[in-house]
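Peer 1: Just to be clear, the model below is a prediction. Sequence and coordinates:
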Amino acid sequence: MSFSVKPVLTGEKTVLRPFTEADAEIMAEIIRDPEVVRFTGGPDTEFTLEQLRSWYGSRSAQPDRLDLAVTDRATGELVGEVVLYEWDARARGCTFRTLLGPRGRDRGLGTEATRLVLGYGFEELGLHRVQLEVYGHNARALRAYEKAGFVREGVRREADLRDGRWVDWVVMGVLEHEWAALSSRAR
């Protein structure tokens with residue numbers, strides 16, 4: 001299994017596509033959005049536009065991870081990203097993360113994008129498990145992940161210090177047989 005193929009995945013509301021250098025300016029705005037920073041921790045360093053062009057321009061060449069741009073199908077506007085990474089070949093598992101900017105929120109785009117990339121991972125790549133960690137105070141993300149099929153597995157209590165307060169990380173996962181059951185009900 002390899003993440004070297006970078007597919008285009010189309011849903012009713014979103015299209016997931018490979019990143020290009022041209023996406024750097026919009027992604028710079030998205031990763032600096034106060035809500036994105038609040039719920040992802042934000043980057044440890046400030047990235048220049050040139051660094052972001054290099055990063056997003058190189059995503060299609062990475063065989064060990066799958067980074068896809070989330071776009072609004074109706075407008076073509078880039079609204080965020082989904083990523084499968086930390087591939088564990090023996091366990092056939094990986095980690096998932098996503099982020100959406102302000103124009104991608106509260107319209108079901110995140111839930112659909114998550115379902116699209118999970119479907120690809122389980123049905124095309126043969127994954128057994130996809131896991132994630134999300135801040136316990138990120139109610140929007142928790143709802144979207146649960147709607148997409150993730151199950152809460154545990155809590156890493158007070159695992160991070162954010163703005164002077166200790167916050168929990170919620171550990172979630174979805175297994176291939178759970179995904180298969182969800183997919184068959186959706187048909």
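Peer 2: Looks like it arrived, so ask away. Numbers count the residues shown, from 1 in each chain.

Peer 1: which regions of the protein sit below the pLDDT cut-off?
Peer 2: Along the chain, the model assigns pLDDT under 70 to residues 41-45, 186-187.

Peer 1: For the spatially most central residue of it, give me its contacts.
Peer 2: Central residue of the chain (C-alpha atoms, centre = their mean): residue 98, 2.3 Å from the mean position. If you count contacts by C-beta atoms under 8 Å, 6 or more residues apart in numbering, residue 98 has them with 70, 80-83, 110, 113-114, 141. To be clear about C-beta, it is placed using only N, CA and C from the backbone, and glycine gets the same treatment.

Peer 1: taking these one by one, which sit in helices?
Peer 2: The helices, defined by DSSP state H, take in 110, 113-114, 141 from the contacts of residue 98.

Peer 1: Filter these down to just the buried residues.
Peer 2: 110, 113-114, 141 (16 or more other C-beta atoms under 10 Å).

Peer 1: Now render those as a markdown table, adding distance to residue 2.
Peer 2: As requested, those are exported to a markdown table (distance: C-beta to C-beta, whole Å):
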| residue | distance to residue 2 |
| --- | --- |
| 110 | 26 |
| 113 | 22 |
| 114 | 22 |
| 141 | 28 |
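
Peer 1: of all the ones in helices among the contacts of residue 98, which two lie farthest apart?
Peer 2: 113 and 141 (12.1 Å; C-beta to C-beta).

Peer 1: related to what we said a few turns ago, quick check, nearest of the ones in helices among the contacts of residue 98 to residue 76?
Peer 2: residue 113 (14.6 Å).

Peer 1: Can you get me a residue count around the residue nearest to the closest one when sequence neighbours are not counted?
Peer 2: Among residues not flanking residue 113 along the chain, residue 70 sits closest, at 4.6 Å (C-beta to C-beta, 6 or more residues apart in numbering). A total of 30 residues lie near residue 70 under the criterion other C-beta atoms under 10 Å.

Peer 1: what do you get for residue 86?
Peer 2: Per other C-beta under 10 Å, the neighbour tally for residue 86 reads 13.

Peer 1: Might one say that it is in contact with residue 66?
Peer 2: No - look at residue 86 against residue 66 with C-beta atoms under 8 Å: they stay out of range, at 11.3 Å.

Peer 1: Need the contact partners of stretch 8-25.
Peer 2: 6-7, 27, 49, 52-57, 59-60, 67-74, 76, 78, 81-82, 107-109, 112-113, 115-117, 119-120.
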